[in-house]
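**Student:** Any chance you can model this:
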Amino acid sequence: MNERSEAVVIRTRDLTRRFGSLAAVDHLNLDVVRGEIFGLVGPDGAGKTTTLRLLCGLLRPSEGRAWVAGYDVAREAEKVRDRIGYMAERFGLYDDLTVEENMTFYADVFGLPVAQRGPLMSQLLHMTRMEPFRQRLARHLSGGMKQKLALMCALLHHPEILFLDEPTTGVDPVSRRDFWAILYGLVRRGLTVLITTAYLDEAERCHRVGFLYRGRLLHCDTPERLKTGLEETCYELLTPRRRAVREVLVGLNGIVGAELSGAALHVFLSPTGPSIQEVVRILERKGLGPVRVRPIVPSMEDVFILFARKAHGRGEEGRP
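**Tutor:** Reported below is the predicted structural model:
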């Protein structure tokens, strides 16, 4: 990317990382634009952390290229690191230091001038509502507070782009909500965020989402378009015999997915498959009625399972 794009701040072209015969990241093509929260979503082992480590210059690609803030990550790693903040899943906080001492330590690491530290640290503590805890030892912080402290440390050198690797894993729902509120505030100030998560409900909070599965990017779009732009139609089936009904459905041609969801089944019908009325008649002939059905907008979890099943059906489960 010789030209310094004002819109695209993260770009990959056929980015690949292999560990032996395993392609942890497999020909990834991705553009992230300035001022958005972009979510990389997928199960454990999908390649999310490896992708972030490649983009931060912590791993060298086996193939392909990546640019961050206009700089080639492999050739200009130092320039990239000056412009990014990286919060790993297990960020290196020091339990025997206070909140303020941890921040001071990272300010030293980043070479932040002493004159800038006081105002910036006060601003970060206020933004995260951590001011009352600045003298508390890190070991005595809750999980949510530790994540806030890690975020403050990652922001101390005014990065343009923030990489977050599953930052809310193991954090309670209230702290997760607070963390996302902070991210939205940062983006309004011009920061770009690339976040990985295994939580599909968090994908709903991102401006755009990329679904990773076994190292490959399956789909990338806004949450709304991912849910409403499917060629398949999603239905909710209510029946007292959910598991028996599901066993029948997964064996029918044209049923792309049939998953338990609370007290219901969420069923995806192919446009070339049977109609929902035909499906109900099949179930009734097998003595599995009555069944109540209604069309629904699928959840992000439904959509990801659908994408994963379709990828599996194409034989991608056998890739190295």
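**Student:** After the host helix or strand of Cys153, which helix or strand is next?
**Tutor:** Here Cys153 sits within helix 143-154, counting by DSSP states H and E. Using DSSP H and E, the helix or strand that follows helix 143-154 in sequence is strand 161-165.
**Student:** And the average pLDDT for that next one is what?
**Tutor:** Average pLDDT, strand 161-165: 95.
**Student:** tally of neighbours for Arg65?
**Tutor:** Residues near Arg65, counting by other C-beta atoms under 10 Å, number 15. All C-beta atoms are positioned from the backbone trio N, CA, C, and that covers glycine.
**Student:** any idea of the mean pLDDT for the helix holding Cys153?
**Tutor:** pLDDT averaged over helix 143-154 gives 91.
**Student:** now do stretch 213-226
**Tutor:** Averaging pLDDT along stretch 213-226 gives 94.
**Student:** Dump the helix holding Cys153 to CSV, keeping only the CA atoms.
**Tutor:** Output of helix 143-154 as CSV, limited to C-alpha atoms (Å, rounded to 0.1, in the frame of the first residue of the first chain):
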residue,chain,number,x,y,z
GLY,A,143,-11.7,-8.9,36.7
GLY,A,144,-13.5,-5.9,35.1
MET,A,145,-11.2,-3.4,36.9
LYS,A,146,-8.1,-5.3,35.7
GLN,A,147,-9.4,-5.1,32.1
LYS,A,148,-9.9,-1.3,32.5
LEU,A,149,-6.4,-1.0,33.9
ALA,A,150,-5.0,-3.0,31.0
LEU,A,151,-6.9,-0.7,28.6
MET,A,152,-5.5,2.4,30.2
CYS,A,153,-2.0,1.1,30.0
ALA,A,154,-2.5,0.3,26.3
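**Student:** contact partners of that helix?
**Tutor:** Residues outside helix 143-154 that contact it (C-beta atoms under 8 Å, 6 or more residues apart in numbering) are 85-87, 91, 93, 99, 102-103, 106, 121, 124-125, 128, 130, 133, 138, 141, 162, 164, 167-168, 170-172, 174-176, 178-179, 182.
**Student:** Would you mind getting the angle between that helix and strand 161-165?
**Tutor:** 150 degrees (axes from the mean of the first three to the mean of the last three C-alpha atoms, to 10 degrees).
**Student:** Which residues in helix 143-154 does the neighbour count mark as buried?
**Tutor:** By neighbour count with 16 or more other C-beta atoms under 10 Å, helix 143-154 contains the buried residues 144-154.
**Student:** ok, back up a step: buried subset of the contacts of helix 143-154?
**Tutor:** 85-87, 91, 93, 99, 102-103, 106, 121, 124-125, 128, 130, 133, 138, 141, 162, 164, 167-168, 171, 175-176, 178-179, 182.
**Student:** what's the closest of the buried residues of helix 143-154 to Val280?
**Tutor:** Gly144 (46.2 Å; C-beta to C-beta).
**Student:** residues in contact with the closest residue to Thr233 other than its chain neighbours?
**Tutor:** Nearest non-adjacent residue to Thr233, counting by C-beta to C-beta, 6 or more residues apart in numbering: Leu269, 5.0 Å away. Counting by C-beta under 8 Å, 6+ apart, Leu269 touches 232-233, 235, 254-256, 275-276, 279.
**Student:** Most neighbours among those residues, which one is it?
**Tutor:** Most surrounded of the contacts of Leu269: other C-beta under 10 Å gives Val279, at 24 neighbours.
**Student:** check contacts around it.
**Tutor:** By C-beta under 8 Å, 6+ apart, the contact list for Val279 reads 249, 252, 255, 267, 269.
**Student:** I'd guessed the third one sits against Thr272; true?
**Tutor:** Same thing as Ile255. No - counting by C-beta atoms under 8 Å, Ile255 does not reach Thr272; the two are 11.6 Å apart.
**Student:** anything in contact with each of those two?
**Tutor:** Contact criterion C-beta under 8 Å, 6+ apart; residues shared by Ile255 and Thr272: none found.
**Student:** got a pLDDT number for Arg177?
**Tutor:** We note a pLDDT of 88 for Arg177 in this prediction.
**Student:** Let me fix that, I meant to ask about Glu3.
**Tutor:** pLDDT at Glu3 comes out at 43.
**Student:** now swap in Gly313 and tell me
**Tutor:** 66.
**Student:** my guess is Ala244 meets Leu288, correct?
**Tutor:** Yes - using C-beta under 8 Å, Ala244 makes contact with Leu288 at a distance of 5.9 Å.
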